[in-house]
Each structure stands twice: as C-alpha cells, then as structure tokens.
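Trainee: Predicted model follows, preceded by the sequence.
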Amino acid sequence: GAQQAKTEGARQQVVLSSNQVLNQVRQAESQVEQARQEAAQYDAQVQTARAAVNSQQQTVRTAQRAADAADAQILGTRSNFVKNQTDLARYAKLVVQQAVTQQQYDAVSAATDSAQSTFNAARFQADQAHSQVNAARANVAQAQAPMPSTRMSRSPRRGLASRGPTCPRSASSKRTSSIT
C-alpha cells in the first residue's frame, strides 16, 4: 500500500517533470526557429543595404569622372581665353599704330569675349559636376546609415547566434577624391 502510493506518486512526478521538460524543449525550439527567421530577415536587410551602397558608390564614380572631364575642359577653355586676351592686348597696340584695322581689332575683341564666356561656362559646369559628386557622396553616407553596426555569428560551442561588433567601413578610410 504505502510503497505502491510512493511509487505512484514518483511516477506522476516523473510524468510531470518529463512533460515540463518536453514543454521547455518545444518552447526553446520555437525560440530557435524565431531566431533563424529573424537572422534571415537581418541578412536580407544587410544585402539590400549593401546593394544600395554599391549603387551609390557607382554614382559617385560616374559623377567624379564627369567632374574630372569638366576640370579638363576648364584647362582648355582657360588656355584659349588667355591666348585671346594676349592677342587683344597686342591688337590694342597695333590698332593705335594703325598696323591693323578697327575691324580686325573688333574681331579679336569679340573672340576674346566669346572665349571668356566659354571659360565661364566651363567653370560653371565644373562647379555643377563637383556639386553632383558631393551629392553622390552624401547619398553614399545616407545609404550606409542603415547598415547594421553588428552582425550575426554562430557561437562555435553552443551553435547559438550571438551579436558581435563589425566595422564595415570607418569614416577615416573613406577616400576624399573618389569612392572606388
């Protein structure tokens, strides 16, 4: 009687304990699955953010090439403008000496004005191109902003996910002339 009651009580306790353990295992498995799903979402967000950053970096490279071309254009138009200014100064002396006609002087003066306008337009275009480079760089920084500062990694011992610091790109490693 008493022994049988003790045995029955112990059996019920084992059943309760094993049910409790089974529920805890199921709960833990559910948490692991939820963590896996969150990790998959996290990875997708990281990939999307990286793609956005790469796209913006390409925009910077393209804008930088346009700015470089505009800078080269300035050099050419400046050189032409300086040459025309020199010619105009020379023709101003020659017209006074009546070695050239007023019409020839006026033609050189008009060419100088045109060269100056072309030079000013090239400078404006270069300024615009550099503004586009700066805007593209700001877009890179904005695209990098949502990049997570941590990444998921697996613990070798437990197989559990843990968060560890990452350094995708420090501010000091960014180039100032162009992003490659």
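Mentor: Now that the structure is in, tell me what you want to look at. Small disclaimer: the values here were computed from a predicted structure and weren't measured.

Trainee: Please count neighbours and contacts with C-alpha atoms only from this point.
Mentor: Fine.

Trainee: those helices in the chain, which residues are they?
Mentor: Ranges of helices within the chain are 2-96, 102-144, based on DSSP state H.

Trainee: Can I get those helices in JSON lines including mean pLDDT and mean neighbour count?
Mentor: JSON lines is the format used below for the helices of the chain (pLDDT from 0 to 100; neighbours: other CA atoms under 10 Å):
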{"stretch": "helix 2-96", "mean pLDDT": "90", "mean neighbour count": "15"}
{"stretch": "helix 102-144", "mean pLDDT": "95", "mean neighbour count": "17"}
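
Trainee: tell me the contacts of the most centrally placed residue in the chain?
Mentor: With distances taken as CA atoms, centre = their mean, residue 140 lies nearest the centre of the chain, 2.2 Å away. If you count contacts by CA atoms under 8 Å, 6 or more residues apart in numbering, residue 140 has them with 53, 56, 57.

Trainee: can you do 10 Å?
Mentor: 52, 53, 54, 55, 56, 57, 58, 59, 60, 134, 179 (CA atoms under 10 Å, 6 or more residues apart in numbering).

Trainee: before we move on, what about residue 41?
Mentor: 35, 47.

Trainee: The one 3 residues further on too?
Mentor: For residue 44, the contacting residues are 38, 50, taking CA under 10 Å, 6+ apart as the criterion.

Trainee: Okay then, goodbye and thanks.
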